[in-house]
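Chemist: From the sequence below, what's the structure:
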Amino acid sequence: MSEQDFIFNLKTIELDENYKPSENTRVTTNFANLARGESRQANLRNALQMINNRFNALAHWDNPNGNRYRVELKIVSVDIEIANQENTERFPGIEILQSSILDTQTQQRIEGLVGNNFSSYVRDYDFSVLLLNHNAGRSEFSIPEKFGELHGKLFQQFVNSTVYQARFHKRPVICLSVSDNKVYHRSDNHHPVLGFEYVPNEASLTEQYFKKMGLKVRYFMPPNSVAPLAFYFFGDLLNDYTNLELISTISTMETFQKIYRPEIYNANAVAGRCYQPNLHNRDHSLTQIVYDREERSRLAKEQGQFARQHFIEPYRSVLEQWAGCPV
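Modeler: All right, here's what the predicted structure looks like:
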């Protein structure tokens, strides 16, 4: 199979206080989880305000009142269709966020970064179905051979596709939380926007998984943050992107992490030179935003089963031949 055998269909929707998730959106996705229940509109409004406040705090030059910029977000949904297959259906493959920045002083709209959040049903399948089944009954945890190969190749196929390149000017940057079972050491490297760089004692499973997507990772703790963030990227993170582009990612994803990982990212103590994240840390503050963490964990397995039923099983032989490994 080649690029012509995969048809990537892009759709975008504004992420604002009126956003309602589509039926094909993974309900554990950061923004979809916020947009549910009685507090949905207040959740979204408060989260967007947090993003704007954080952006203006970081982009403080020529911004004396701290209100010059407004971040606007679009959800980019990528459906995958396998060509030349009978009765083929579109599968909701990937969802990412695209940011743009409105300079209210000049009325100029500045392109931000694409990526930020990363949502994938196939990743749910890998971690919540394939990996769990592989380790069922085993005394020691292990990783299946070629784990993540299919997902990684699909992602790179999308990023290198004419559809992506016609729509976006730069390759994606994905920002995630750090791993709570790794130790991070602060280096002397300091970036004016990204802050101090941290180096982990070893690679996490997530880091290995994203490496198969073609992504490298570096860990930075931005100014006035309390814990480092993981930045996954192609190329050169520090030189390929402008300060405002980087700030758009930091402000967006740090806000989500404060909501979903308050023990780490809304902790009352700042990470020191040697830092191990603790999801059981009680010394943290909660935001005024409602979410259901238990539901997120439970639904990951259901979403993995959805991927198996609607994508893996119907096209298993085709996908295994293309990826060169069992799926």
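Chemist: quick one: the strands in the stretch 151-300 of the chain?
Modeler: For the stretch 151-300 of the chain, the strands identified by DSSP state E, counting those that start in this stretch occupy 173-176, 184-191, 195-200, 216-221, 229-233, 274-275, in order along the chain.
Chemist: want to throw those into TSV with mean neighbour count?
Modeler: Any C-beta I mention is one placed from the backbone N, CA and C, and that applies to glycine too. Listed next are those as TSV, based on neighbours: other Cβ atoms under 10 Å:
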stretch	mean neighbour count
strand 173-176	23
strand 184-191	15
strand 195-200	19
strand 216-221	20
strand 229-233	23
strand 274-275	16
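Chemist: Can I get those in TSV including distance to residue 67?
Modeler: Listed next are the strands of the stretch 151-300 of the chain as TSV, based on distance: least, Cβ to Cβ, whole Å:
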stretch	distance to residue 67
strand 173-176	24
strand 184-191	25
strand 195-200	23
strand 216-221	25
strand 229-233	24
strand 274-275	32
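Chemist: May I see those organised as CSV, with distance to residue 33 and mean pLDDT added?
Modeler: Conversion of the strands of the stretch 151-300 of the chain to CSV gives the following (distance: least, Cβ to Cβ, whole Å; pLDDT from 0 to 100):
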stretch, distance to residue 33, mean pLDDT
strand 173-176, 16, 97
strand 184-191, 27, 98
strand 195-200, 27, 98
strand 216-221, 24, 98
strand 229-233, 19, 98
strand 274-275, 27, 98
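Chemist: Can you say which of those strands is nearest to residue 315?
Modeler: If you check each of the strands of the stretch 151-300 of the chain against residue 315 by Cβ to Cβ, strand 173-176 wins as the nearest, at 25.5 Å.
Chemist: strand partners of that closest one, parallel vs antiparallel please.
Modeler: Using DSSP bridges, the strands paired with strand 173-176 in its sheet are strand 108-120 (parallel), strand 229-233 (antiparallel).
Chemist: Nearest to residue 248, out of the strands of the stretch 151-300 of the chain?
Modeler: strand 173-176 (9.7 Å).
Chemist: which residues are in contact with that closest one?
Modeler: With contacts defined as Cβ atoms under 8 Å, 6 or more residues apart in numbering, strand 173-176 is touched by 96, 113-118, 206, 210, 215, 229-233, 237, 241, 246, 249-250, 252-253.
Chemist: before we move on, what about stretch 265-275?
Modeler: With Cβ under 8 Å, 6+ apart as the contact definition, stretch 265-275 has outside contacts at 177, 183-186, 198, 221, 225-228, 254, 257-258, 281, 283-287.
Chemist: ok, now with 6 Å
Modeler: Under the contact criterion Cβ atoms under 6 Å, 6 or more residues apart in numbering, stretch 265-275 has outside partners 184-186, 226-227, 257-258, 281, 283-285.
Chemist: got a list of what the nearest residue to residue 128 once chain neighbours are set aside touches?
Modeler: The shortest distance from residue 128 to any residue that is not its chain neighbour, by Cβ to Cβ, 6 or more residues apart in numbering, is 3.7 Å, and that residue is residue 304. Taking Cβ under 6 Å, 6+ apart as the contact definition, residue 304 lies against 124-125, 128-129.
Chemist: And residue 190, by the same measure?
Modeler: With contacts defined as Cβ under 6 Å, 6+ apart, residue 190 is in contact with residue 196.
Chemist: Okay, buried residues for the helix or strand residue 78 falls within please.
Modeler: Element membership of residue 78 [criterion: DSSP states H and E] is strand 69-82. Residues of strand 69-82 classed as buried under the neighbour-count rule (16 or more other Cβ atoms under 10 Å) are 69-80, 82.
Chemist: on that earlier part again, and the buried ones among the contacts of residue 304, selectable in PyMOL?
Modeler: Buried subset of the contacts of residue 304, written as a PyMOL selection, criterion 16+ other Cβ under 10 Å:
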select buried, resi 124+125+128+129
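Chemist: Among the contacts of residue 304, find me the one that's closest to residue 194.
Modeler: Distance to residue 194, by Cβ to Cβ, is smallest for residue 124 among the contacts of residue 304, at 29.4 Å.
Chemist: Go ahead and confirm the closest one touches residue 300.
Modeler: Yes. Proximity of residue 124 to residue 300 meets the contact threshold set by Cβ atoms under 6 Å, at 5.4 Å.
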